[in-house]
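can't give you the sequence, but here's the structure:
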């Protein structure tokens, strides 16, 4: 059986188990703590996320691209890489707190921002560990490490909720512990393959390599700012309660999108590793589009029919609040659907060295998001912020597609896309029929998923044969 395909299946299964379970738990936490307090948390978390790139500056993607399949070279530079990582994390810490102070955040904001920044540094360090595992082609270990923090956080928070000890302080403590344990474990796993004696504070190395991974850093800044700024602006312009409602919807949106950010790095590493083999990348590209786009597009349509079910845990919210979160999710899920269709194009572009072209598109998208947010949020609050984000993603997706067509070095096979869309439409039609005849949502969903899966294999859109 194809090892690469097994890796993808393992990634999908772990995400299907961990991500929804965590989102349901976080919904319960928000219901327990209230929209206002979770809106406060979501805003400062998003604020820290805007500067998070400073702790990495694209180093993780650079590691995959530069050291894929080159264990000895990676081992040679390991102490310098982690020395640079420490310096960048310190920079992120200082800049985040400095700008929070400059922008007039209260002492309460800065107090919690301090601990959230520590958490972000740990998560960023885990991402670098995962990048090095990907470079070593240890994809299954990478997948398990990538989901461990959420699994630990899930266990801790469920315990606090069950014992009725959940409060904001314990929630932050759980975040920190859930990141610290995987970081320590990741270090232990890497030590079995790579040896680091001490951190090397080589500023010249950081300066020289930054020329290589700075374009990736800019790309990450643009990506993160475009996706996080709406949460910050909604809290600043429309208030913490609106921020909480947006966070309640965006949480599901982000959980669904995490499927993409688990699968796409695998293809990024594969595209980088096989960039001199266009026929193989063509095969990988088609497989990637089917595996990434079809499940997410199905989920996007599922949300339109059954999405309100995802908010059943908000027992302390009134019907107007639940309906607003449902409306926000209906809008936001379209951004994930666009990512699913077009981010495989940007993944190939960045893996093939066309980072500057990708950054141009991201800058245009981010600028449009800012412009529309300042117009729409004062008028429509969180709904306006969601529409602004969706418009930015439409611009971003079309840009990725344009540059891919301009620079690709292999042919696309239209029949792949036609067949896969046909399978998807048939599954959505079945979903619609089940919805109309009041078939139980769970049974309806299972039937449609089985239908789509069987036909993807039957039409040979996904194959068991070796693809690497």
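In hand now; what should we look at? Note that the structure is predicted; figures quoted are calculated from it, not measured.

buried ones in the longest helix seen in the chain?
Identified as the longest helix of the chain according to DSSP state H is helix 203-238. Under the neighbour-count criterion of 16 or more other CB atoms under 10 Å, helix 203-238 has 205-206, 209-210, 213, 215-235, 237-238 buried. Heads up, the C-betas are built off the backbone N, CA and C, glycines and all.

run the chain-centre distance for the helix or strand just after it.
Next helix or strand after helix 203-238 toward the C-terminus (DSSP states H and E): helix 240-273. Relative to the chain's own centre, helix 240-273 is displaced by 3 Å; criterion: CA atoms, centre = their mean, to the nearest Å.

next, the angle from helix 240-273 to helix 203-238.
150 degrees (axes from the mean of the first three to the mean of the last three CA atoms, to 10 degrees).

give the buried residues for helix 240-273.
Neighbour counts over helix 240-273 (16+ other CB under 10 Å) mark 240-260, 262-273 as buried.

now do it, average pLDDT.
Per-region confidence: helix 240-273 scores 84 on mean pLDDT.

point out where this protein drops to low pLDDT.
Along the chain, segments meeting pLDDT under 70 span 1-12, 14-16, 65, 68-69, 213, 276, 463-468.

residue ranges of the strands in it, please?
In the chain, no segments count as strands under DSSP state E.

distance of residue 391 relative to residue 335?
Separation of residue 391 from residue 335 (CB to CB, to the nearest Å): 10 Å.

settle it for me: which of these two has more neighbours?
Between residue 391 and residue 335, residue 335 has the larger neighbour count (other CB atoms under 10 Å), namely 24 against 18.

doesn't residue 389 make contact with the more buried one?
Yes: between residue 335 and residue 389 a contact is recorded at 5.9 Å, counting by CB atoms under 8 Å.

related to what we said a few turns ago, run the chain-centre distance for the longest helix of the chain.
Chain-centre distance of helix 203-238: 14 Å, with CA atoms, centre = their mean.

report all helices and strands that that helix contacts.
Helix 203-238 is packed against helix 35-51, helix 59-67, helix 71-102, helix 240-273, helix 355-380, helix 382-407, with contacts defined by 3 or more CB pairs under 8 Å, 6 or more residues apart in numbering; DSSP states H and E.

now those in JSON lines, with distance to residue 108?
Shown next, in JSON lines, are the helices and strands packed on helix 203-238 (distance: least, CB to CB, whole Å):
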{"stretch": "helix 35-51", "distance to residue 108": "8"}
{"stretch": "helix 59-67", "distance to residue 108": "32"}
{"stretch": "helix 71-102", "distance to residue 108": "11"}
{"stretch": "helix 240-273", "distance to residue 108": "12"}
{"stretch": "helix 355-380", "distance to residue 108": "23"}
{"stretch": "helix 382-407", "distance to residue 108": "22"}
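
residue 125 is nearest to which of those?
If you check each of the helices and strands packed on helix 203-238 against residue 125 by CB to CB, helix 71-102 wins as the nearest, at 6.6 Å.

so what's residue 316 up against?
If you count contacts by CB atoms under 8 Å, 6 or more residues apart in numbering, residue 316 has them with 31-32, 34.

what about residue 184, neighbour count?
10.

from residue 344, how far out is it?
On the measure of CB to CB, residue 184 and residue 344 end up 34 Å apart.

wait, isn't residue 142 in contact with residue 127?
No: using CB under 8 Å, residue 142 is not in contact with residue 127; the gap is 10.2 Å.

of those two, who's got more company?
A direct count of neighbours by other CB under 10 Å for residue 142 and residue 127 places residue 142 higher, at 25 against 21.

tell me the contacts of the more buried one?
130, 133-134.

turn the residues you listed into TSV, including neighbour count.
What follows is the contacts of residue 142, written out as TSV (neighbours: other CB atoms under 10 Å):
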residue	neighbour count
130	24
133	26
134	26
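
from those residues, which land in helices?
Short answer: those in helices (DSSP H) are 130, 133-134.

and of the helices and strands packed on helix 203-238, who's closest to residue 326?
The closest of the helices and strands packed on helix 203-238 to residue 326 is helix 240-273. By CB to CB, the value is 7.6 Å.

how near is residue 454 to residue 416?
Residue 454 sits 18 Å away from residue 416, taking CB to CB as the criterion.

neighbour-wise, which of the two wins?
Remark: of residue 454 and residue 416, residue 416 carries more neighbours, 18 against 11, as counted by other CB under 10 Å.

right, and that one touches residue 291 too?
No: Residue 416 is beyond contact range of residue 291, at 11.8 Å (criterion: CB under 8 Å).

can you give me the distance of the residue nearest to residue 355 when sequence neighbours are not counted to residue 97?
Spatial nearest neighbour of residue 355, excluding adjacent residues (CB to CB, 6 or more residues apart in numbering): residue 215 at 3.9 Å. Distance of residue 215 to residue 97, computed by CB to CB: 27 Å.

residue 311 now?
34 Å.

which one of those two has more residues nearby?
residue 311 (20 against 17).

OK, contacts around the more buried one?
Listed by CB under 8 Å, 6+ apart, the contact set of residue 311 reads 27, 248, 317, 322, 325-326.

make it 7 Å
Residues near residue 311 by CB atoms under 7 Å, 6 or more residues apart in numbering: 322, 325-326.
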